[in-house]
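Novice: Test case, fold it:
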Amino acid sequence: MNEYSSSELVIRDIVGSKRTSLEKLTTLLSQDLDFHGEDSGYASHNFHSFPAKFPPQLPRKFIEGLTVPGDVVLDPMMGSGTTVLEAYLSGRRGMGFDIDPLALMLTKAKVTPLDATLVSQASNKILERAQRIARERRHELVRKLENQWDSKTRDFIDYWFAPEAQIELLSLITEIDQIEDTELRTFFKLAFSAIIITKSGGVSLAFDLAHTRPHRAKVVIGTSGEIILGSNFAGSSSRRAKFLTKTLRSPFKEFEKRVEQNLRWLKESNSDKSQPYLEGLFEPQPERIKPHIALGNAQDLPLDDDSIDLIVTSPPYASNAIDYMRAHKFSLVWMEYPVDDLGQKRKEYIGGEAVTNFNFENLPDKTSQVVADISKRDEKKGRILHRYFSEMTRILREMFRVLRPGKAAIVVVGSSVMRGKDTETHICLAEIGRQIGFEIPKIGVRYLDRNRRMMPAGANLDLESQIQQRMHEEYVIGFYKSEARDSERTK
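Specialist: Numbers count the residues shown, from 1 in each chain. Next comes the predicted model:
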């Protein structure tokens, strides 16, 4: 006769499984999460600049530690697609949603197998035809530029792009749009975007686009060496004058270099035998599963209950601390997105500042107190923070709904400083998660490698700078959906 009844054995299995899952999650959160000195530019991770990306080693650690090949890994706010790409490389079924058009384009390009020879041939044709059009049909392009956009978008382009750059950019994007193969066209659109939104240089009149803090150059030197803007300021020998002087680069040459660079990354990844999971990166592999990437709102996911094995994501900071659309619109306007439409889309982003007619959630005690403390200092800022925690409440509720019992969500967040008060974002989100039904076994801390990470702050820590105060470290929160609690909830 068995020592235990069948029901007791089931209970012991559930408890043992839960303990094992929780122990794995806690152990991973206790390990080094900084990844300083490690190469984060392998595969297609460096296809395009993107602010505040977490290193690919972070999602990979949790993907490999908490899932098996074939499991479903979700990032409901995928941004640059780091989690989705790592899921793809690891033989998991990646899923990613975002409302940002550039995020969708970027992630799709990063996980799409392409033939390097075909890419090179297509690139040569694009450049050859675009250069011929710019040379032989210049007047046609000028007329098209005058009538291509509404007046507000036209003014934006005239302010931020020199006339010569406009000609070359328009001829390039016109040729790219002629490519019939959707995946190939997406690859080249991304390369086009990358020559505009870049860490340094770029083909616009802006500095700091990759950090989402664009400011216009005071002195601009054209590709032929002539001063085309700010001649009065150009004679100054001051450090400020040199800092605000920009020498334009030809979009044709930058596009050619960018395509070659992206292809080189792919070829080098394919030849790195020390990382076998990268082998044949952009050749179809039987163990790799094409990810599902789609436009979607993290507060209302188009997914079934209990359908996801792991979530790894990083939501935006509160109060638009990193304003993605400020930079993204510089390339999106060339892809038939009017400035006003992009401005409206910006209002939908998590952490936005619009609070009129907003559906606020009731917050738990600690989180309510943080909001109240900031409201005493600045009522509007308090409402903005209340909006952020309301949005995150709905997102965490959706995460809980779609996660399978006994599975985890990893949320990487940074805190913010509002009117001198720390928002304690990680503590508040953990509290909200517990109220929803999650267990929080541990909150890990990772210290940012400020010389490598694309953040809108300098490399040297300045404790007087609010933007640096909130971006010196970030927190890795482990949310666990208990099997027992889920079964109780559904009774």
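
Novice: Now E473: phi and psi?
Specialist: phi -150, psi 160 (degrees, to the nearest 10).

Novice: show me the contacts for it.
Specialist: G414, V445, R446, Y447, L448 (Cβ atoms under 8 Å, 6 or more residues apart in numbering). (C-beta placed from N, C-alpha, C; glycine too.)

Novice: and the third one, helix, strand or coil?
Specialist: To tie it back to what came earlier, the one meant is R446. Following DSSP: H, G, I helix; E, B strand; the rest coil, R446 is assigned to strand.

Novice: Export the contacts of E473 as JSON lines, with columns for pLDDT.
Specialist: JSON lines is the format used below for these (pLDDT from 0 to 100):
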{"residue": "G414", "pLDDT": "89"}
{"residue": "V445", "pLDDT": "95"}
{"residue": "R446", "pLDDT": "94"}
{"residue": "Y447", "pLDDT": "90"}
{"residue": "L448", "pLDDT": "83"}
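
Novice: Would you mind giving the domain segments of the chain?
Specialist: For the chain, automatic domain parsing gives the domain ranges 26-99+286-489, 116-263.

Novice: D323 is in contact with G351, correct?
Specialist: No. With contact defined as Cβ atoms under 8 Å, G351 and D323 do not form a contacting pair (9.4 Å).

Novice: how about the strands in the protein?
Specialist: 72-75, 93-98, 206-207, 215-216, 219-221, 227-229, 245-247, 292-295, 308-313, 403-413, 417-418, 421-422, 443-447, 473-481 (DSSP state E).

Novice: if we look at the first one, which residues are touching it?
Specialist: The one in question is strand 72-75. Under the criterion Cβ under 8 Å, 6+ apart, residues 59, 63, 67, 81-84, 87, 92-97, 303, 307-313, 402 lie in contact with strand 72-75.

Novice: switch the cut-off to 7 Å
Specialist: Residues outside strand 72-75 that contact it (Cβ atoms under 7 Å, 6 or more residues apart in numbering): 63, 67, 83-84, 87, 92-96, 307-313.

Novice: Got a quick PyMOL command for the buried subset of these?
Specialist: Buried residues among the contacts of strand 72-75 (16 or more other Cβ atoms under 10 Å), as a PyMOL selection:
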select buried, resi 63+67+83+84+87+92+93+94+95+96+308+309+310+311+312+313
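
Novice: Select, out of the domains of the chain, the one closest to M105.
Specialist: Comparing those against M105 with Cβ to Cβ, the closest turns out to be domain 116-263 (5.8 Å).

Novice: about what we covered before: list just the nearest of the contacts of E473 to G225.
Specialist: L448 (39.4 Å).

Novice: right, and that closest one touches H472 too?
Specialist: Yes. Between L448 and H472 there is a contact at 6.4 Å, judged by Cβ atoms under 7 Å.

Novice: So for these two, which residue has more residues nearby?
Specialist: L448 (20 against 17; other Cβ atoms under 10 Å).

Novice: I would like a ChimeraX command selecting only the buried ones among the contacts of E473, please.
Specialist: Buried residues within the contacts of E473, by 16+ other Cβ under 10 Å, are selected in ChimeraX with:
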select :414,446,448
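
Novice: Identify, from the contacts of E473, the entry nearest to A130.
Specialist: Of the contacts of E473, the one sitting nearest to A130 (Cβ to Cβ) turns out to be L448, at 39.4 Å.

Novice: Please report how far the closest one lies from A409.
Specialist: 22 Å (Cβ to Cβ, to the nearest Å).

Novice: Likewise for A103?
Specialist: Distance from A103 to A409, by Cβ to Cβ: 19 Å.

Novice: again with I374
Specialist: For I374 relative to A409 (Cβ to Cβ), the value is 26 Å.

Novice: Repeat that for Y324.
Specialist: 22 Å.

Novice: swap in I308?
Specialist: 9 Å.

Novice: shared neighbours of those two, anything?
Specialist: Common contacts of I308 and A409, defined by Cβ under 7 Å, 6+ apart, comprise L403.

Novice: can you put the contacts of E473 in a markdown table and add distance to E287?
Specialist: A markdown table is the format used below for the contacts of E473 (distance: Cβ to Cβ, whole Å):
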| residue | distance to E287 |
| --- | --- |
| G414 | 35 |
| V445 | 34 |
| R446 | 30 |
| Y447 | 35 |
| L448 | 33 |
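
Novice: Out of the contacts of E473, which comes closest to R264?
Specialist: Closest to R264, out of all of the contacts of E473 and judged by Cβ to Cβ, is L448, at 27.5 Å.

Novice: Using CSV, write down the CA coordinates of stretch 413-428.
Specialist: Output of stretch 413-428 as CSV, limited to C-alpha atoms (Å, rounded to 0.1, in the frame of the first residue of the first chain):
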residue,chain,number,x,y,z
VAL,A,413,13.1,49.1,-14.7
GLY,A,414,14.8,52.3,-13.7
SER,A,415,13.6,54.8,-11.1
SER,A,416,12.9,58.4,-11.8
VAL,A,417,13.4,61.6,-9.9
MET,A,418,10.5,64.0,-9.9
ARG,A,419,10.9,67.4,-8.1
GLY,A,420,13.7,65.9,-6.1
LYS,A,421,11.8,62.8,-5.0
ASP,A,422,12.7,59.3,-6.0
THR,A,423,9.7,57.5,-7.5
GLU,A,424,11.0,54.1,-6.2
THR,A,425,9.6,52.5,-9.3
HIS,A,426,10.9,49.0,-8.6
ILE,A,427,9.3,49.0,-5.1
CYS,A,428,6.0,50.3,-6.4
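
Novice: what comes into contact with that stretch?
Specialist: For stretch 413-428, the external contacting residues (Cβ under 7 Å, 6+ apart) are 314-315, 317-319, 321, 366-367, 370, 373-374, 377-378, 381, 385, 389, 429, 443, 466, 469-471, 474-475, 477.

Novice: low-confidence ranges in the stretch 301-450 of the chain?
Specialist: Applying pLDDT under 70 to the stretch 301-450 of the chain picks out residues 320-321, 450.

Novice: Which residue ranges of it form helices?
Specialist: Listed in chain order, the helices of the stretch 301-450 of the chain (DSSP state H, counting those that start in this stretch) span 324-332, 339-346, 365-377, 379-402, 425-436.

Novice: Quick one: closest of those to N147.
Specialist: Once the helices of the stretch 301-450 of the chain are compared by Cβ to Cβ, helix 339-346 is nearest, at 16.2 Å.

Novice: higher neighbour count, Y324 and A409?
Specialist: Each of Y324 and A409 has its neighbours counted (other Cβ under 10 Å); A409 has more, 25 against 20.
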